[in-house]
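*Asks:* kindly generate the corresponding structure for this input.
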Amino acid sequence: MKKILSFFAIAATIFALTGCGGGQAKQTADAPVTNVKHADWVKNAVIYEVNVRQYSPESSFKAVTANLPRLKELGVDILWVMPPYPIGVECRKGTWGSYYAITDYKAINPEFGTMEDFMDFVNAAHGMGFKVILDWVANHTAPDHPWTKEHPDWYYRDSTGALVVRYDWTDIAQLNYESPGVADAMAGEMMFWVKECGIDGFRCDVAYEVPTWFWDMATEKLRKENCNIFMLAEAEAADLLVNSFDAYYAWQNLHIMNDIAAGTKTLDDYRNFVNQHRTEFPDASISMNLITNHDENSWNGTEFERYGEGVKAFAALTFALPGMPLIYTGQEVGMNHRLEFFEKDPVNWNDPNNFTEFYKGLVAQYKAHPALYNLADESPVVFIDTECKDQILAFSRTAGDDSVKCLFNLSAKEATITWDGAPLTIEPWGYRFFFAK
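*Replies:* Now for the predicted structure:
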């Protein structure tokens, strides 16, 4: 039976689904195949990145714990906690340093509270149905991590014996996984959080810089402890998804969306990208779709700087494409501010433009429709031709008897197309979702 469902966004009315043509990319015979089995709760999960330092003026886990009911109301499922570990003093950047320059993988940064505070947060989150994953930094430590003295051979060093620095990361020391002992030690540190603290998984920083064989080894051990561990790679590399990771960063998607908003890429470029991308990754792998996160916000600009009036359209697109949507701290209140990275710079939680209700609606809609769930092989994108293909991105997704057709006007001009035999006008940066069961 066909239903007409309401949607909260720019469209005031949602129409019944009608048929249109189109095609989808098929995976090539030599495309990688994943051995990763996702936990059932992953299929329609929304991830929320918790920047503890900037979440409140107190910069504490107690403050985040007190705010869990608000996050529950938002509808998110997975709380990704930026690195909660003590930060190095040697070569520290700024007053408070980088989350990613770690001196102890099995402790809590005093800036955020105590281990007891952290466990209170984890237990409260679990009690409310959240999953908690930790940001894990396996590529490097702070230069004053005890390992640099206890195991000097575990690090890359130059001809003088000095620690090697990559890029402009002058506050870290890079680990050498070819050195005996490094991999087992790192896997053991990860196991601590799973076995002793009940953590549900990890977001793995610069996962592409660490050998794939390490991740394969470590995740095999972790899944023996908890078969439902969720692993997210800060990488876009198919080999990491064969045995280790459930999900990967959709960096290319983010970048081409930025380019479309800037007018340097076309919608044909985008369609070609989506079709080609699907052939390169395992069917059951999950892309984490985003318009912002801590790196993008602090270093490349807020979503408002990059998308202008198109912010809501591009945000909605991350919930319409196959993949797991991400909401970053402050994104849900329309924060138009680049958060400081090495200093305290608390989020202003005022929401004058009511973005919270916008994101609540996106999350609720995503969860209500299997056609929008995150696996591309179960509900792939099928592009639809319209008269305004240079302005309108149109596609359908279907899972069983649940179907959706999505129209996005990714331009600053009004567009009128023929839809279900009648003219349909979509305002600049507007969009429509059409559902049927």
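*Asks:* where in this structure is pLDDT low?
*Replies:* Scanning the chain for pLDDT under 70 picks out the ranges 1-31.
*Asks:* which residues of it fall in helices?
*Replies:* Per DSSP state H, the chain carries helices over the ranges 52-55, 61-66, 68-74, 115-127, 147-150, 182-195, 212-225, 240-243, 251-262, 267-280, 294-295, 303-307, 311-320, 355-368.
*Asks:* list the buried residues of the last one.
*Replies:* Which is helix 355-368. 355-356, 358-363, 365-367 (16 or more other Cβ atoms under 10 Å). Where you see a C-beta, it was placed from the backbone N, CA and C, and this is true even at glycine.
*Asks:* quick revisit: out of the helices of the chain, which is closest to Lys405?
*Replies:* The closest of the helices of the chain to Lys405 is helix 311-320. By Cβ to Cβ, the value is 10.0 Å.
*Asks:* contact partners of that closest one?
*Replies:* For helix 311-320, contacts defined as Cβ atoms under 8 Å, 6 or more residues apart in numbering pick out 9-10, 257, 261, 289-291, 303-304, 307, 325-326, 334, 358-359, 362-363, 365-366, 372, 393, 395, 397, 404, 406, 408-410, 429-431, 433.
*Asks:* Glu225 against Lys195, yeah?
*Replies:* Yes. With contacts counted by Cβ atoms under 8 Å, Glu225 reaches Lys195, the gap being 5.6 Å.
*Asks:* gap between Asp283 and Gly113?
*Replies:* 42 Å (Cβ to Cβ, to the nearest Å).
*Asks:* how about the contacts made by the closest residue to Glu332 other than its chain neighbours?
*Replies:* Setting aside the residues directly before and after it, Glu332 is nearest to Tyr359 in space (Cβ to Cβ, 6 or more residues apart in numbering), at 4.6 Å. Applying Cβ under 8 Å, 6+ apart, one finds that Tyr359 lies in contact with 74, 315, 327, 331-332.
*Asks:* same thing but 7 Å
*Replies:* 74, 327, 332 (Cβ atoms under 7 Å, 6 or more residues apart in numbering).
*Asks:* are any of these buried, and if so which?
*Replies:* Counted by 16+ other Cβ under 10 Å, these give 74, 327, 332 as buried.
*Asks:* before we move on, the earlier item: same list, the buried residues of helix 355-368, but as a markdown table with distance to Cys204 please.
*Replies:* What follows is these, written out as a markdown table (distance: Cβ to Cβ, whole Å):
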| residue | distance to Cys204 |
| --- | --- |
| Phe355 | 29 |
| Thr356 | 30 |
| Phe358 | 30 |
| Tyr359 | 26 |
| Lys360 | 29 |
| Gly361 | 31 |
| Leu362 | 26 |
| Val363 | 25 |
| Gln365 | 30 |
| Tyr366 | 24 |
| Lys367 | 26 |
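*Asks:* and those residues, which is closest to Val46?
*Replies:* Among the buried residues of helix 355-368, and counting by Cβ to Cβ, the member closest to Val46 is Val363, at 5.3 Å.
*Asks:* report the separation between that closest one and Cys388.
*Replies:* In this view, Val363 and Cys388 are 29 Å apart by Cβ to Cβ.
*Asks:* likewise Asp216?
*Replies:* Counting by Cβ to Cβ - Asp216 and Cys388 are separated by 47 Å.
*Asks:* ok, Ser285 next?
*Replies:* Applying Cβ to Cβ, one obtains 32 Å for the distance of Ser285 from Cys388.
*Asks:* neighbour count: the two, which is higher?
*Replies:* Remark: of Ser285 and Cys388, Ser285 carries more neighbours, 26 against 18, as counted by other Cβ atoms under 10 Å.
*Asks:* leaving out the residues flanking it, which one is nearest to that one?
*Replies:* Spatially, and ignoring its direct neighbours in sequence, Ser285 is nearest to Leu241 (4.2 Å; Cβ to Cβ, 6+ apart).
*Asks:* same question, Met119
*Replies:* Ranked by Cβ to Cβ, 6+ apart and with sequence neighbours excluded, the top spatial neighbour of Met119 is Cys197, at 6.5 Å.
*Asks:* kind regards, and thank you for your time.
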